[in-house]
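**Student:** sharing a sequence plus its predicted fold:
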Amino acid sequence: MLRHLYLQFYVGIVVILVIFVVAFGFLWRVLGREARLEDKLAVAGELLTAAMPPATASREQQRDTLEQFRQRLGLDLSIYAPDSTLIASAGRPVPALPDSRSEHEFVRGPPGPVWLLRLHDGRFLVARVPGGRRPPGTFLLFLLVVVALAVGLGAYPVARRLTRRLERLKAGVEQLGEGDLSARVQVEGRDEVASLAESFNQSASRVQELMRAHKMLLANCSHELRTPLTRINLALSLAGDRIDPQRRADLKADIAELDQLIEELLLASRLDAIRAPESRENIDLLALAAEEAARDGIPVEGRSLFVRGDRTLLRRLIRNLLDNARRHGGDPSPQVEVQSQGANAVFSVRDHGPGIAESERDRIFAPFYRPAGTSQASGSNGLGLALVRQIARTHGGDVECRAADGGGTVFIVSLPKIGEAPLAAPDMLETASVP
């Protein structure tokens with residue numbers, strides 16, 4: 001087996017050249033043989049002129065003479081009278097050439113190369129190689145077709161084997177790019193493609209190890225952070241009136257924010273490790289949205305559409321979008337809808353805030369990214385929208401941010417729909433304010 005890719009190409013080219021040289025040599029030999037045949041027929045014609053019996057001889061005598069020469073020369077011979085009447089022949093009769101006026105003529109054409117010799121008494125002798133020969137142009141075309149087929153058949157296995165391995169390597173890279181860190185490709189051969197496949201497997205294993213170490217570190221850090229937070233929270237409770245009430249409230253808010261950040265970090269880390277929800281059930285998206293919106297007294301419009309997924313994750317998705325709209329959406333309450341769009345259930349949340357610049361509408365879904373003009377004091381830690389996108393894609397959907405008509409921003413989540421219920425009455429969807 002060749003170890004290097006360039007050797008495979010080199011050997012393939014050499015084989016093609018060898019085929020071409022052999023074919024060319026065969027063609028040269030055939031064409032040279034036809035040239036030598038013309039010379040041989042000219043010499044044979046001189047001998048036939050001297051040996052042929054006169055025109056007054058019987059047909060049997062002339063045929064016997066032609067037969068003797070046919071056996072010696074291996075040619076089909078025919079002799080014709082001046083008026084193109086066949087006198088005698090040996091072998092298969094050769095058609096006359098009545099239009100010819102030359103004494104000696106060699107014709108390349110159907111039914112093969114034919115040599116014509118006119119005798120001194122007006123008779124003419126016609127000779128042909130038995131079976132005839134194809135014209136050089138036709139034979140050359142046939143030979144080129146054979147060479148092309150040979151080159152194609154010889155090069156295809158090498159090229160297909162190489163491209164098939166590259167296709168498998170490409171599929172492995174795409175699988176890794178989609179988040180499947182266990183993706184590996186089979187190592188075949190010992191050339192550069194095999195070396196590339198081995199390097200890919202080693203890199204994928206290293207990335208998987210680093211991600212596993214990163215998630216373990218994140219989980220351990222989150223666990224260790226929660227222990228002192230619990231102690232601080234306990235200390236605040238035991239301190240009683242020794243701490244200013246406002247200071248106590250601020251500290252508790254900070255602790256709650258840190259605890260939420262830790263929870264979201266752990267959730268983001270877990271979503272990175274899975275490609276589909278771990279638990280799946282049929283969920284009425286409208287009912288789930290209405291249940292979450294009731295916490296803030298926000299009405300929900302639309303119809304009951306069923307999706308399949310993890311109820312806890314979808315609840316977090318809805319809650320994060322509602323919290324984002326409440327935090328940045330201005331005074332009016334957000335507008336929440338659940339609508340059907342083709343094969344998808346679409347959940348949308350529109351706020352009435354200042355809006356988001358078009359250049360930042362995709363970047364806001366990156367972890368810890370805050371749009372221009374957003375301060376940390378707003379209460380956002382930069383993970384809420386990132387979790388929304390992760391949860392949506394884990395369920396086979398996606399989320400996008402658009403500018404709303406009349407100002408503000410609308411976040412649209414599309415999820416695969418598995419069914420829907422009849423249109424519900426609007427008064428059944430609105431929820432009362434929660435004190």
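**Tutor:** Ah, there it is.

**Student:** which regions of the stretch 151-300 of the chain sit below the pLDDT cut-off?
**Tutor:** 152, 218, 222-223, 240-241, 272-275 (pLDDT under 70).

**Student:** all strands of it, in order?
**Tutor:** With strands called from DSSP state E, counting those that start in this stretch, the stretch 151-300 of the chain shows them at 281-284, 300-302.

**Student:** what residue in this structure is the furthest from its centre?
**Tutor:** residue 56 (84.1 Å; C-alpha atoms, centre = their mean).

**Student:** domains for this structure, by residue range?
**Tutor:** The chain breaks down by automatic domain parsing into domains covering 5-133, 193-273, 281-429.

**Student:** Throw the ones you listed into TSV and include distance to residue 165, thanks.
**Tutor:** In this view, the C-beta of every residue, glycine as well, is placed from N, C-alpha and C. Listed next are the domains of the chain as TSV, based on distance: least, C-beta to C-beta, whole Å:
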stretch	distance to residue 165
domain 5-133	10
domain 193-273	5
domain 281-429	31
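
**Student:** could I get the strands of the stretch 151-300 of the chain in CSV, plus columns for distance to residue 392 and mean neighbour count?
**Tutor:** Converted to CSV, the strands of the stretch 151-300 of the chain look like this (distance: least, C-beta to C-beta, whole Å; neighbours: other C-beta atoms under 10 Å):
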stretch, distance to residue 392, mean neighbour count
strand 281-284, 14, 15
strand 300-302, 17, 21
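
**Student:** which one of those strands lies closest to residue 176?
**Tutor:** strand 281-284 (30.4 Å; C-beta to C-beta).

**Student:** strands paired with the closest one, and their directions?
**Tutor:** Here strand 281-284 has these sheet partners by DSSP bridges: strand 305-309 (antiparallel).

**Student:** leaving out the residues flanking it, which one is nearest to residue 194?
**Tutor:** residue 187 (5.3 Å; C-beta to C-beta, 6 or more residues apart in numbering).

**Student:** for the one you found, which residues are in contact?
**Tutor:** Contact analysis of residue 187 by C-beta atoms under 8 Å, 6 or more residues apart in numbering lists 194, 197-198, 201.

**Student:** now it: how far from residue 174?
**Tutor:** For residue 187, the distance to residue 174 equals 18 Å [C-beta to C-beta, to the nearest Å].

**Student:** residues touching the residue most central in space within the chain, list them.
**Tutor:** The centre of the chain sits closest to residue 167, judged by C-alpha atoms, centre = their mean, with a distance of 7.5 Å. The neighbourhood of residue 167, defined by C-beta under 8 Å, 6+ apart, contains no residues.

**Student:** quick check: it vs residue 392, distance?
**Tutor:** 31 Å.

**Student:** now the buried members of the contacts of residue 187.
**Tutor:** For the contacts of residue 187, a burial check counting by 16 or more other C-beta atoms under 10 Å picks out 194, 197, 201.

**Student:** how about a markdown table for those residues, with distance to residue 359 added?
**Tutor:** Shown next, in a markdown table, are the buried ones among the contacts of residue 187 (distance: C-beta to C-beta, whole Å):
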| residue | distance to residue 359 |
| --- | --- |
| 194 | 44 |
| 197 | 40 |
| 201 | 39 |
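
**Student:** now the angle between strand 305-309 and the host helix or strand of residue 317, please.
**Tutor:** If you go by DSSP states H and E, residue 317 is part of helix 311-328. Interaxial angle, helix 311-328 versus strand 305-309 (axes from the mean of the first three to the mean of the last three C-alpha atoms, to 10 degrees): 110 degrees.

**Student:** check the offset of helix 311-328 from the chain's centre.
**Tutor:** Offset of helix 311-328 from its chain centre (C-alpha atoms, centre = their mean, to the nearest Å): 38 Å.

**Student:** just the buried residues of that helix, please?
**Tutor:** 313-325, 328.
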